[in-house]
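A.B. asks: Mind looking at a prediction? Sequence and model below.
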There are 2 protein chains.
Amino acid sequence: MTTTAGSVFDSDTASERVGEHEFALTLSDRWTTLIGSLNGGFLLAGCLQALRREVPHPDLLSASAHFLRPGTPGPARISTEVARTGRRTSTGQATLVRDDREIVRVLATFADLDAADGPTLVGGEPPVLPPPDQCVDPYPRERPTISQQTDTRMAQVPGFWRGDPTHTTTAEFWLRLSDGRDADPIALAFLVDAAAPVVFDLGVAGSSTIELTVHIRHRPAPGWLACRVSTNYLIDGFHEEDFEIWDSTGTLVAQSRQLAIVST
Amino acid sequence: MTTTAGSVFDSDTASERVGEHEFALTLSDRWTTLIGSLNGGFLLAGCLQALRREVPHPDLLSASAHFLRPGTPGPARISTEVARTGRRTSTGQATLVRDDREIVRVLATFADLDAADGPTLVGGEPPVLPPPDQCVDPYPRERPTISQQTDTRMAQVPGFWRGDPTHTTTAEFWLRLSDGRDADPIALAFLVDAAAPVVFDLGVAGSSTIELTVHIRHRPAPGWLACRVSTNYLIDGFHEEDFEIWDSTGTLVAQSRQLAIVST
């Protein structure tokens, strides 16, 4: 694990073992969205930090989360179960419960990414962006709590952030944790859900994740991460959001898709 | 549910309730791949057929499957658990076990797709294909068992199927169940995994699914289904495969991504 002294991400996703497969934590209000509920990627990362302690493989490879209810700050429990430990991968499950109500259920497979040695053929390119120091921070001074946990840099501020939706449902930008911690696979599982949904640029009021799956494609190098996000299909209020993260060396490190439902 | 008298898909994915949340079935050898193990989408569909009997909502909306071991034909058990039943969606879990070994674990969310009434904005197009009767069946006379359960029609036979890999990792084609049963959401969850992996066109010998998530975007109309599949990133032996299914009216009905590992 990449740890950074004083990392808010590390301390807020950490939990205390209180039973054989049972962990306790207090969900911090630093990760709330505009509507006051906790960010889904943050809840996922908390589950994954607990589950990783139960399996022998060091790296998250793939995680799928089904979100059952909005999460709110306060005390919570995470229960884990290891389904299989194999030579190459381990798979387990984590369930986060608050006030006796299940908030999110996660299946995840772990591996040793450094041990992967098959063929490589990359058919895509990283986002083309000016260097971070030549980009702008798109957030206004008053910003949602969750957005304060990441730094974002864009070539220009998207229309809807100025109150002028342009009906563009793709975006490219730089992203990193604002606490200075470099990303590892579990931080990537948070970051794929950390940006404002691109459907906001259609003028919708909000979007709630139903399911999110993230695949880690490589251990990320330190530094800024180049992100590409797109929504191609909004159908009867449901939309997918695809997210790619490329590291500072131009390597694809994470790929995610979520299914979400908009509020209007 | 769309049922068709004598549907092999219906009978082979059906299970008998043998306990409160326990189902029994015999996995048929009609769904085996080239290497003799059962197709992942078939195993997923069996799990979903059992789980659907446990929830009040009629339609699969989103399913995530983590594949733990190869499945083989023979007797098996499916255990289900309902995590939450809400007004708009229900979420549950299914685990398929054979010979006391867990083969696949599934999380799935169900909804009533006809009740969805939010905004629609479609940013993509269905595959452009000649009508099925002007296409060719790409399969040779000797074909893998699983491929006999679907009909495939392509504008032309891909290179690798003639022993001449062209290093193309995208494909578009028509697909349907060969038993005459029209697709419903659970059949779509099978069909997104029913075609030969496009990485075969890179000359790899095989590909094993680690995780597959499918989102159902609309109830499919009867008839042939237009499919688009692509793999953009093969990294150290791991690759994603993205799959879209459009129905005969030109509506996007399913979207999936799987993470798989190639054998060389």
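C.D. replies: Alright, I've got the coordinates.
A.B. asks: For chain B, give me its nearest residue in the stretch 51-200 of chain A.
C.D. replies: Here the stretch 51-200 of chain A gets closest to chain B at one residue, A:Gly118, 1.7 Å apart by C-beta to the nearest C-beta. (C-beta placed from N, C-alpha, C; glycine too.)
A.B. asks: right, and that residue touches B:Ala260 too?
C.D. replies: No. Under the criterion of C-beta atoms under 8 Å, A:Gly118 is not in contact with B:Ala260, lying 10.9 Å apart.
A.B. asks: just for chain A, where's the confidence low?
C.D. replies: Along chain A, segments meeting pLDDT under 70 span A:1-4.
A.B. asks: swap the cut-off to 50 and go again
C.D. replies: For chain A, the stretches flagged by pLDDT under 50 are A:1.
A.B. asks: Give me the secondary structure label for the most centrally placed residue in chain A.
C.D. replies: In chain A, the centroid-proximal residue (C-alpha atoms, centre = their mean) is A:Phe190; its distance is 2.2 Å. For A:Phe190, the assignment made with DSSP: H, G, I helix; E, B strand; the rest coil gives helix.
A.B. asks: ok, back up a step: shared neighbours, A:Gly118 and B:Ala260?
C.D. replies: Common contact partners of A:Gly118 and B:Ala260 (C-beta atoms under 8 Å, 6 or more residues apart in numbering or on different chains): B:Phe238.
A.B. asks: These two: which is more packed in?
C.D. replies: Taking neighbours as other C-beta atoms under 10 Å in any protein chain shown, A:Gly118 and B:Ala260 compare with B:Ala260 leading, 23 against 15.
A.B. asks: any residue of the helix or strand encompassing that one up close to chain A?
C.D. replies: Here B:Ala260 sits within strand B:252-263, counting by DSSP states H and E. Yes. Using C-beta under 8 Å from any C-beta of the partner chain, strand B:252-263 reaches chain A at B:Leu252, B:Gln255, B:Arg257, B:Leu259, B:Ile261, B:Val262.
A.B. asks: May I have the strands that pair with that strand, each with its orientation?
C.D. replies: strand B:206-216 (antiparallel), strand B:238-246 (antiparallel) (DSSP bridges).
A.B. asks: Quick one: name whatever helix or strand follows the longest one.
C.D. replies: Using DSSP H and E, the next helix or strand after strand B:206-216 towards the C-terminus is strand B:225-230.
A.B. asks: tell me what the strand or helix carrying A:Thr95 is packed against?
C.D. replies: Assessed by DSSP H and E, A:Thr95 sits inside strand A:89-98. Judged by 3 or more C-beta pairs under 8 Å, 6 or more residues apart in numbering or on different chains; DSSP states H and E, strand A:89-98 is in contact with helix A:40-52, strand A:74-85, strand A:101-111.
A.B. asks: Settle this for me: A:Ser263 is touching A:Phe200, isn't it.
C.D. replies: No. With contact defined as C-beta under 8 Å, A:Ser263 does not reach A:Phe200; the gap is 11.2 Å.
A.B. asks: got any residues that touch both of these two?
C.D. replies: Common contacts of A:Ser263 and A:Phe200, defined by C-beta under 8 Å, 6+ apart, comprise A:Ser207.
A.B. asks: returning to what we had before: next one: the residue of the stretch 51-200 of chain A closest to chain B relative to B:Pro132, how far apart?
C.D. replies: According to C-beta to C-beta, to the nearest Å, A:Gly118 and B:Pro132 sit 36 Å apart.
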